[in-house]
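> the following comprises the amino acid sequence and a computationally predicted model.
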Amino acid sequence: MRKKRAMTSQKASEVKVSGHKNETHFAKIIGGTVNPSNQQGKKDVVDKKFDPHSVKSGTYWQIFLYRCNRLETNTIFQGIGKVANLMIECLDVFPEKYEDYLKNNRSYKVKLQKPMRLLL
């Protein structure tokens, strides 16, 4: 017998409601608004500068894909307390070259613990 892969209607509804809550939460954090007219598009939230943001489901934000200069200049991150500075502290733990990280990744993970706890 084949395994059913589709979500149940109830599960799909829960996922949808959860997504709307995430959009509202993110909009509140950045001082933006939820874009109700574009529920099928990629512009879930609009910030104060009218820049669009797409909010994805999941447990973690991929904020560490940003470079330090974006964190230093982004007014949204700068406006959320010490968040930008803590993220920069986390990024500063790592060496310039990935090869150097691989040689002693344990030490970098230990160094990362303090700024990550502060960020949490």
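Yes, it's here.
> got the buried residues for stretch 12-23?
For stretch 12-23, the neighbour count (16 or more other Cβ atoms under 10 Å) marks 22-23 as buried. All C-beta spots, glycine's among them, are computed from the backbone N, C-alpha and C.
> what's in contact with that stretch?
7, 34, 44-45, 55, 57 (Cβ atoms under 8 Å, 6 or more residues apart in numbering).
> what sits against the residue nearest to D92 when sequence neighbours are not counted?
Once flanking residues are discounted, D92 sits nearest to C68: 7.4 Å by Cβ to Cβ, 6 or more residues apart in numbering. Residues counted as contacts of C68 (Cβ under 8 Å, 6+ apart) are 88, 91-92.
> which residues of this structure fall in helices?
For the chain, applying DSSP state H gives helices covering 9-30, 68-73, 75-79, 83-92, 98-103, 105-119.
> can you find the helix or strand of the chain with the lowest average pLDDT?
helix 75-79 (a mean of 74; mean pLDDT, DSSP states H and E).
> buried ones in that one?
By 16+ other Cβ under 10 Å, the buried positions in helix 75-79 come out as 76-77.
> tell me how far that helix lies from the chain's centre.
Centre-to-centre, helix 75-79 and its host chain are 14 Å apart (Cα atoms, centre = their mean, to the nearest Å).
> so what touches that helix?
Contacts for helix 75-79 (Cβ under 8 Å, 6+ apart): 30-31, 47, 71-72, 83-84, 87.
> so, low pLDDT: which residues of the protein?
Across the chain, residues meeting the criterion (pLDDT under 70) sit at 1-5, 37-43, 58-64.
> state the number of residues packed around G81.
9 (other Cβ atoms under 10 Å).
> hmm, I typed the wrong one, I wanted A27.
A27 has 19 neighbours, counted by other Cβ under 10 Å.
> now the one 3 residues further on
Using other Cβ under 10 Å, I30 is surrounded by 19 other residues.
> show me what contacts it?
I30 sits in contact with 45, 47-48, 53, 76, 79-80, where contact means Cβ under 8 Å, 6+ apart.
> 7 Å - rerun?
47, 76 (Cβ atoms under 7 Å, 6 or more residues apart in numbering).
> same check on L118?
L86.
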